[in-house]
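Colleague: need coordinates for the below:
(2 chains)
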Amino acid sequence: MGEKKGTGTFKLISPKAKSYAAQNGIDYYTINGTGRSGAVLFRDVVGASPIASRPANTEPQKQKASQLAMRAAGYYGISLESQFNPGYRVLKDDVLRLAPQNELNQRSAFGKRLLAANLHMVPFTSHGRLNAGKMLEALEEIRANAAGKARPTLTDMCLLAAARALEAVPRLNSIDKDGEMVLIVPINMAIAIQSKKNGLLAPAIKDIAQMGISQIAYERTRLMAAAESKRLSNDDLENASFTLSNMGAGPVEYFTPVLNFPLNAILGIGGVKVEPAVVNGEIKPASFLYASLTLNHIHLNGQDASEFLAAFEQALQIDDWPQ
Amino acid sequence: MPAGKWKDNMGMTYAQAIRDAIAEEMEADSKVVLIGEDIGIYGGAFGVTRGLWEKFGPSRILETPISETAFTGAAVGMAFMGYKPVVEMMFGDFASLAIDPIVNHGAKYHFMTAGAVKCPLVLRLPCGSGTGAAAQHSQSLESLFLNSPGLIVLAPSTPQDAKSMLKWAIQCEDPVIFIENKLLYRATGEVSDAPYNFGKAKIAKEGSDLTIYSYSRMVEESLKSAIMLDSAGISAEVVDLMSLRPLDEKTIIESAMKTSRALVVHEAPLFGGFGAQVSSLIAGSDAFYCLDAPIKRLGGLEMPIAYTPSLEASQIPTASSIYEAALEMME
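Modeller: Numbers count the residues shown, from 1 in each chain, chains lettered A, B, ... in the order given. Below you'll find the model as predicted:
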């Protein structure tokens, strides 16, 4: 490259850059191209021209930045303009240096969003103590037979059972749209993930009703890993229709899950306990799952909560869990 | 909750918009008739003509045996004799059986008779993949008709466009190939009585860094990708072509001149696909001198649509693949 046309190779330059160079008397052979295969692009010739002769339509001047830097800036919501020298090409690491502080802002933005959403919801929570013995036996058997990396957990069983319950009570698979209730098809179940680095996230497992338990486990594992490594795509985070949050790993029995607005319902999974129960007149040990369901009372009522928890408990008693 | 309620909240569906357009034109003009398989009592394979049988009956809705060649041929003949038939192919794929009456007769007679014979016919083609209907029921065959002068080819992407464009098509004196998309049938949106501005493309979203040209369902994917691009600091313009033939050359060229980058997206396979027409238009116009990156095309893979859902989904452009292609163009 660098030689004139006709003597062998010639300089790669875009038509737009070439027109601009010709109009402004710029020798583009001396310019380092930043395009594919080193092609000289418009941004390169504009950078090379004296400031006075820059075309007016390039204002405001965009900060030069690598693709990764722009994506990182988009992710953190950082504006690259006025943060760097105009001629400097910003790299990903420059953006990451600005990120941590900005992330705090993002958290408070999340808080602000919740506050604003509060105007549009009247949440109420219903608690249920549900028979979980059959489900726990099934889980043990499934885990014993599970091959591969993603071993199904109690969360996956609850995800599948919740999907079944939503099929029975589809009203809960809905969102608030400008004050109106809009049912969603299919079931895209968001799962609350507390990632160590990135705060609370709720990516969704899409069309979960079509999945078996191992597929759900695989998808949940993928989302959890992606949440931790900041690799969740927009697609993962969009279009949720129902949320499930599991706090059962700790000492929590019941809690009051907070609605993931504009979604109308969230199911919180609390503890699993073995307790004495009366079975056929005898006192025997039995396993119970504590579930807490928060609904938006603007659209859904106590009856809905009762129906869903009943359907959820029934779904926990499945004989053949789909693999 | 009854199935209808949530739809009301979201406006009208694409299928309902088509049904309304047909019903309004049938009421306005007694020469308008429907022809196709199972479009009467059953309401059409996708329920588009549901309810019309009760309203218009067998004198206006002709349910035919399963021979696309025969009933399309009959429709072309009726159009020559002054009727305005609206033909529904059960699946757009079966249009290959109707090529002879459409291409060799419908598209030609206006020219061969010096305008004495008109062919005011609409051929409705439910196209596109994503329904698990596999190779012979998922194609996008618009290219079959685009190389036949005399045919108008329209491809609406929204309920509003579906209604106004179909009403226009039924009133039109020339044969119109009306490309519908099976996945769009349940798409919803506000629909007004605004007339269709024939031959005009629409800027679905304004932007300054690159232009995504698209039509039918891929407009939706392009708009989604534009939102993703916005978050990456790239402002994408989305042009909904709407009419493939004739093509709104002015809007296409002006947008390319404005943004300096052109990406053409369609669901049909890339090779020989319509994207080549748009690309060559841009490359052969003044917009060439404004380009800052090679023109790029995205289309379906070079193979029949697969039955397996995961393979099927991977065969055509998506918001993510459009986003990746656009990022590559910005490098």
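Colleague: who in chain A is up against chain B?
Modeller: With CB under 8 Å from any CB of the partner chain as the criterion, chain A meets chain B at residues A:14-17, A:19, A:35-36, A:41-43, A:65, A:67, A:70-71, A:73-75, A:80, A:170-171, A:174, A:177, A:180-183, A:233-235. Bear in mind the C-beta positions are built from the backbone N, C-alpha and C, glycine included.
Colleague: need the contact list for the spatially closest residue to A:Asp176 that is not a sequence neighbour.
Modeller: Excluding the flanking residues, the one nearest A:Asp176 by CB to CB, 6 or more residues apart in numbering or on different chains is A:Pro262, at 4.4 Å. Applying CB atoms under 8 Å, 6 or more residues apart in numbering or on different chains to A:Pro262 gives the contacts A:Ala117, A:His120, A:Ile175, A:Asp176, A:Lys177.
Colleague: narrow these to those in strands?
Modeller: Among the contacts of A:Pro262, DSSP state E puts A:Ile175, A:Asp176, A:Lys177 in strands.
Colleague: can you say which of the residues you listed are buried?
Modeller: Burial by neighbour count, judged by 16 or more other CB atoms under 10 Å in any protein chain shown, picks out A:Ile175, A:Asp176 from the ones in strands among the contacts of A:Pro262.
Colleague: could you find the lowest-pLDDT member of the ones in strands among the contacts of A:Pro262?
Modeller: For the ones in strands among the contacts of A:Pro262, the weakest pLDDT value sits at A:Lys177, with 83.
Colleague: show me the beta-bridge partners of that one.
Modeller: Note on A:Lys177: beta-bridge partners by DSSP bridges are A:Glu180.
Colleague: separation between it and B:Ala98?
Modeller: Separation of A:Lys177 from B:Ala98 (CB to CB, to the nearest Å) stands at 42 Å.
Colleague: coming back round to it: same list, the ones in strands among the contacts of A:Pro262, but as JSON lines with distance to B:Glu328 please.
Modeller: Listed next are the ones in strands among the contacts of A:Pro262 as JSON lines, based on distance: CB to CB, whole Å:
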{"residue": "A:Ile175", "distance to B:Glu328": "34"}
{"residue": "A:Asp176", "distance to B:Glu328": "38"}
{"residue": "A:Lys177", "distance to B:Glu328": "35"}
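Colleague: which one of the ones in strands among the contacts of A:Pro262 is nearest chain B?
Modeller: Closest approach to chain B among those (CB to the nearest CB): A:Lys177, at 6.6 Å.
Colleague: for A:Leu139, which non-adjacent residue is closest in space?
Modeller: Nearest non-adjacent residue to A:Leu139, counting by CB to CB, 6+ apart: A:Met157, 5.4 Å away.
Colleague: and for B:Gly132, nearest residue in space, chain neighbours not counted?
Modeller: Per CB to CB, 6+ apart, closest to B:Gly132 is B:Pro309, 6.0 Å.
Colleague: can you get me a residue count around that neighbour?
Modeller: B:Pro309 is flanked by 13 other residues according to other CB atoms under 10 Å in any protein chain shown.
Colleague: ranges for the strands of chain B?
Modeller: B:12-13, B:32-36, B:61-63, B:84-88, B:122-127, B:152-154, B:176-181, B:188-189, B:202-205, B:210-214, B:236-240, B:243-245, B:262-269, B:296-300.
Colleague: mind saving the C-alpha coords of the second one as CSV?
Modeller: Pointing back at strand B:32-36 there. Provided in CSV are the C-alpha atoms of strand B:32-36 (Å, rounded to 0.1, in the frame of the first residue of the first chain):
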residue,chain,number,x,y,z
VAL,B,32,-64.6,-8.3,-5.6
VAL,B,33,-64.6,-12.0,-4.9
LEU,B,34,-62.5,-14.3,-2.8
ILE,B,35,-61.0,-17.5,-4.2
GLY,B,36,-59.0,-20.2,-2.4
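Colleague: partner strands of it, with direction?
Modeller: As defined by DSSP bridges, the strand partners of strand B:32-36 come to strand B:61-63 (parallel), strand B:84-88 (parallel).
Colleague: just those strands: most buried one?
Modeller: Highest mean neighbour count of the strands paired with strand B:32-36: strand B:84-88, a mean of 27 (counted as mean count of other CB atoms under 10 Å in any protein chain shown).
Colleague: show me what the helix or strand following it is packed up against.
Modeller: As assigned by DSSP states H and E, the chain's next helix or strand after strand B:84-88 is helix B:99. For helix B:99, the contact count by 3 or more CB pairs under 8 Å, 6 or more residues apart in numbering or on different chains; DSSP states H and E identifies no helix or strand as a packing neighbour.
Colleague: residues in contact with helix B:99?
Modeller: Residues contacting helix B:99 (CB under 8 Å, 6+ apart): B:Leu144.
Colleague: if I look at the residue nearest to B:Thr69 when sequence neighbours are not counted, how far off is chain A?
Modeller: In space, and not counting its chain neighbours, B:Thr69 is closest to B:Leu97: 5.0 Å by CB to CB, 6+ apart. Going from B:Leu97 to chain A by CB to the nearest CB, to the nearest Å gives 34 Å.
Colleague: residue 265: how many residues sit nearby?
Modeller: If you meant another chain, say so; for now it's chain A. Neighbour tally, A:Ala265, other CB under 10 Å: 29.
Colleague: sorry, I should have been clearer: chain B.
Modeller: 27.
Colleague: and the residue nearest to B:Ala135 when sequence neighbours are not counted, how close does it get to B:Ala133?
Modeller: Distances taken as CB to CB, 6+ apart place B:Pro304 nearest to B:Ala135, at 3.6 Å, with adjacent residues excluded. As judged by CB to CB, B:Pro304 and B:Ala133 stand 12 Å apart.
Colleague: OK, contacts around B:Lys182?
Modeller: Applying CB under 8 Å, 6+ apart, we find B:Lys182 in contact with B:Phe46, B:Pro126, B:Cys127, B:Gly128, B:Gly130, B:Thr131, B:Ala133.
Colleague: with neighbour count, distance to chain A and pLDDT added, can I get those residues in JSON lines?
Modeller: Shown next, in JSON lines, are these (neighbours: other CB atoms under 10 Å in any protein chain shown; distance: CB to the nearest CB, whole Å; pLDDT from 0 to 100):
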{"residue": "B:Phe46", "neighbour count": "18", "distance to chain A": "16", "pLDDT": "94"}
{"residue": "B:Pro126", "neighbour count": "27", "distance to chain A": "20", "pLDDT": "97"}
{"residue": "B:Cys127", "neighbour count": "25", "distance to chain A": "22", "pLDDT": "97"}
{"residue": "B:Gly128", "neighbour count": "27", "distance to chain A": "19", "pLDDT": "96"}
{"residue": "B:Gly130", "neighbour count": "18", "distance to chain A": "13", "pLDDT": "92"}
{"residue": "B:Thr131", "neighbour count": "17", "distance to chain A": "14", "pLDDT": "91"}
{"residue": "B:Ala133", "neighbour count": "17", "distance to chain A": "17", "pLDDT": "93"}
